[in-house]
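[1] Sequence and predicted structure, then a few things I'm wondering about:
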Amino acid sequence: MVWPAIKLCGFGCHVAGASNEAALSDHGLAMIASSIEAVGHRVQLIDLRGLKGWPDFEAAILGTDYDVACIGFHSVDEEPARKAVETMKRLKPDKPVIAGGIHLSITHARFPPADCVVYGEGDFLIRELLFNIEHHEPIPEAVSATPIEDLDVLPVMDRTIFNQSVENGSPFPPGMPQPFFTMVLSRGCWYKKCVFCYETNTTTPRYRLRSPEKCIAEIKSLKAGSIMFHDDIFPHKAWCEKFVQLWKEAGIPRTPFWTQMRADQICKSPETIELLAEIGLTWVSLGVESGSQRMLDFLGKGTTVEMNKKSIQILHENNVNCWCNLVFGLPTETVEDIQATIKLLEETRPAFYSLSTYTCYPGSKLYKYCEENKLFLDEHYSMARYPYERKISGVDYNYLRKTFGHIGGHLKGPMREWKPKEKTG
């Protein structure tokens with residue numbers, strides 16, 4: 001297996017304490033590994049992040065005795081993924097290469113010179129492909145996998161294919177206790193209307209959850225110091241209530257964890273925040289996106305500025321830190337919209353805020369909007385969400401860089417530490 005995620009962090013970045021892009025394990029590839037190991041195959045991973053350069057990769061390919069190569073990647077890493085596949089086919093042309101991952105699944109693009117492209121959730125389909133290869137049967141150039149309805153039938157991800165000590169020593173946000181682990185509870189998103197997200201693509205599967213029982217069993221086995229639940233969105237209230245109940249029954253100590261939520265989710269059920277805080281909810285990554293209602297409507301967020309403010313207040317009342325995600329440089333955005341976002345930060349003072357410039361990702365409605373309106377400045381831009389490059393026309397990137405510099409970190413609020421609420425009566 002090959003993990004080519006070096007576009008943002010480069011070779012040699014896979015060390016403890018590094019950024020998320022450099023340190024964290026990929027769940028998709030690790031789930032595929034578990035699935036094929038379950039039917040008797042051996043798996044070895046070449047993680048480009050842990051190599052010094054392309055000569056190291058060539059040496060690793062030549063020095064590894066393998067029958068089939070599998071590679072998955074995100075949109076941002078299309079370039080190094082393509083080079084990795086070309087290298088493998090040049091050095092060992094008789095060895096089949098199977099490519100997959102979210103980018104190919106959304107774009108439904110072919111990926112020459114890979115022998116086969118898998119679209120969708122290939123956890124079980126990969127077994128069929130390997131069976132065919134093992135028995136000298138042909139495999140298709142492209143094939144779509146059937147979405148997996150019951151996530152509980154999947155084996156737990158094989159974390160050992162990655163250098164787990166790197167993730168364990170790279171807590172996010174920094175300061176969370178070690179050993180640190182990432183974990184997923186679900187697949188997909190139950191909202192699916194934000195126009196900047198690939199989830200608006202009609203080909204993406206519906207939202208599905210693992211059972212609380214399966215999740216608790218995995219958490220208990222980790223013995224984690226802290227956890228990042230790396231889901232698009234945290235589960236609904238009823239699931240959370242069962243999850244907390246089982247957590248306490250299993251005797252798992254309070255373990256700080258980070259997750260992502262929506263403002264309407266928090267406002268609708270503030271008691272769920274209090275409940276989750278009891279077992280460790282420490283950070284909520286909140287997709288605020290903008291302080292302008294016009295921009296929220298343009299993005300299809302289904303939230304209001306007041307709702308965003310209220311959700312941050314609820315988090316603060318429960319001593320939960322808010323990681324406030326904001327996006328600038330959007331089509332149609334004005335200086336007034338940007339100033340409204342700065343005002344929101346001044347009023348809410350989250351413990352951290354992430355300032356990103358809008359980056360068009362394939363499969364989203366906003367990508368199509370930019371395409372139809374000929375907004376792309378360079379179709380080959382890196383898809384990094386940072387203000388390193390100009391991406392779409394109509395955006396003053398110099399102004400954005402100056403604004404980011406002005407905002408800096410001085411609008412952050414204090415870090416909050418959970419304390420049990422005093423019982424009344």
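    Yep, it's here.
[2] Could you pull up the mean pLDDT of stretch 188-196?
    Taken as a whole, stretch 188-196 has an average pLDDT of 92.
[3] Quick check: chain neighbours aside, which residue is closest to residue 181?
    residue 224 (4.7 Å; Cβ to Cβ, 6 or more residues apart in numbering). C-betas here are computed from N, CA, C, even on glycine.
[4] Mind listing residues that contact the strand or helix carrying residue 403?
    Following DSSP states H and E, the helix or strand that holds residue 403 is helix 397-407. With contact meaning Cβ atoms under 8 Å, 6 or more residues apart in numbering, helix 397-407 is reached by 328-329, 335, 338, 342, 345, 355, 357, 387, 390.
[5] can you pull the buried residues of that helix?
    By neighbour count on 16 or more other Cβ atoms under 10 Å, the buried set for helix 397-407 is 397, 400, 403, 407.
[6] element containing residue 287, please.
    Per DSSP H and E: residue 287 is located in strand 281-289.
[7] Which strands or helices does that strand pack on?
    If you count contacts as 3 or more Cβ pairs under 8 Å, 6 or more residues apart in numbering; DSSP states H and E, strand 281-289 packs onto strand 257-261, helix 263-268, helix 305-317, strand 321-328.
[8] Run a quick neighbour tally on the residue nearest to residue 393 when sequence neighbours are not counted.
    Nearest residue to residue 393, sequence neighbours excluded (Cβ to Cβ, 6+ apart): residue 375, at 5.2 Å. Close neighbours of residue 375, defined as other Cβ atoms under 10 Å, add up to 17.
[9] Provide a list of residues in contact with residue 375.
    331, 369, 392-394.
[10] Need the buried ones from those residues selected in ChimeraX.
    Of the contacts of residue 375, the buried ones go into a single ChimeraX selection, burial set by 16+ other Cβ under 10 Å:
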select :331,369,392
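[11] Can you flag which of the contacts of residue 375 belong to helices?
    Here DSSP state H is the test, and the contacts of residue 375 give residue 369 as lying in helices.
[12] Dump the contacts of residue 375 to TSV, plus pLDDT and distance to residue 151.
    As requested, the contacts of residue 375 are exported to TSV (pLDDT from 0 to 100; distance: Cβ to Cβ, whole Å):
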residue	pLDDT	distance to residue 151
331	97	36
369	95	32
392	92	36
393	92	42
394	92	42
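[13] ok, back up a step: tell me which two in the contacts of helix 397-407 are the farthest apart.
    Greatest spatial distance among these (Cβ to Cβ): 345 and 390, at 24.6 Å.
[14] more neighbours, the two?
    The neighbour comparison of residue 345 against residue 390 (other Cβ under 10 Å) goes to residue 345, with 20 against 15.
[15] mind checking pLDDT for the closest residue to that one other than its chain neighbours?
    Spatial nearest neighbour of residue 345, excluding adjacent residues (Cβ to Cβ, 6+ apart): residue 411 at 4.3 Å. Residue 411 is assigned a pLDDT of 94 by the prediction.
[16] Go ahead and confirm residue 411 touches residue 346.
    Yes - using Cβ atoms under 8 Å, residue 411 is in contact with residue 346, at 5.9 Å.
[17] quick one, strands of the chain?
    Ranges of strands within the chain are 2-3, 46-47, 69-72, 97-100, 116-119, 142-144, 180-183, 186-187, 208-209, 226-229, 257-261, 281-289, 321-328, 352-357, based on DSSP state E.
[18] want to try CSV for those strands, with mean neighbour count and distance to residue 91 as columns?
    Below are those laid out as CSV (neighbours: other Cβ atoms under 10 Å; distance: least, Cβ to Cβ, whole Å):
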stretch, mean neighbour count, distance to residue 91
strand 2-3, 25, 13
strand 46-47, 20, 12
strand 69-72, 24, 10
strand 97-100, 26, 11
strand 116-119, 22, 19
strand 142-144, 16, 24
strand 180-183, 23, 32
strand 186-187, 20, 35
strand 208-209, 17, 39
strand 226-229, 22, 36
strand 257-261, 22, 40
strand 281-289, 26, 41
strand 321-328, 23, 41
strand 352-357, 18, 38
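[19] Could you check how far the residue nearest to residue 393 is from residue 54?
    34 Å (Cβ to Cβ, to the nearest Å).
[20] What is the burial count for the nearest residue to residue 419 once chain neighbours are set aside?
    Spatially, and ignoring its direct neighbours in sequence, residue 419 is nearest to residue 319 (6.3 Å; Cβ to Cβ, 6+ apart). By other Cβ under 10 Å, 16 other residues sit near residue 319.
[21] hmm, back to that, out of the buried residues of helix 397-407, who's nearest residue 231?
    The nearest member of the buried residues of helix 397-407 to residue 231, counting by Cβ to Cβ, is residue 407 at 28.3 Å.
[22] mind checking pLDDT for that closest one?
    Note for residue 407: predicted pLDDT of 91.
[23] Could you export the helices and strands packed on strand 281-289 as TSV, including distance to residue 181 and mean pLDDT?
    Formatted as TSV, the helices and strands packed on strand 281-289 follow (distance: least, Cβ to Cβ, whole Å; pLDDT from 0 to 100):
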stretch	distance to residue 181	mean pLDDT
strand 257-261	10	97
helix 263-268	24	98
helix 305-317	23	98
strand 321-328	18	96
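[24] Indicate which one of these is closest to residue 249.
    Closest approach to residue 249 among the helices and strands packed on strand 281-289 is made by strand 257-261 (17.9 Å; Cβ to Cβ).
[25] Tell me what angle that closest one forms with strand 321-328.
    Relative orientation of strand 257-261 versus strand 321-328 (axes from the mean of the first three to the mean of the last three Cα atoms, to 10 degrees): 40 degrees.
[26] ok, and the closest non-adjacent residue to residue 279?
    Spatial nearest neighbour of residue 279, chain neighbours left out: residue 247 (4.8 Å); criterion: Cβ to Cβ, 6+ apart.
[27] The one you found: neighbouring residues, count only.
    By other Cβ under 10 Å, the residues close to residue 247 number 22.
[28] for it, what are its contacts?
    Contacts for residue 247 were tallied using Cβ under 8 Å, 6+ apart; they are 216, 219, 279.
[29] what's the closest of those to residue 65?
    Nearest to residue 65 out of the contacts of residue 247 is residue 219 (Cβ to Cβ; 36.3 Å).
[30] In this structure that closest one contacts residue 226, no?
    No - using Cβ under 8 Å, residue 219 is not in contact with residue 226, being 11.5 Å away.
[31] Mind listing the shared neighbours of these two?
    The contact sets of residue 219 and residue 226 overlap at residue 255 (Cβ under 8 Å, 6+ apart).
[32] Domains in the chain, by residue range?
    Listed by automatic domain parsing, the domain ranges of the chain are 2-151, 171-407.
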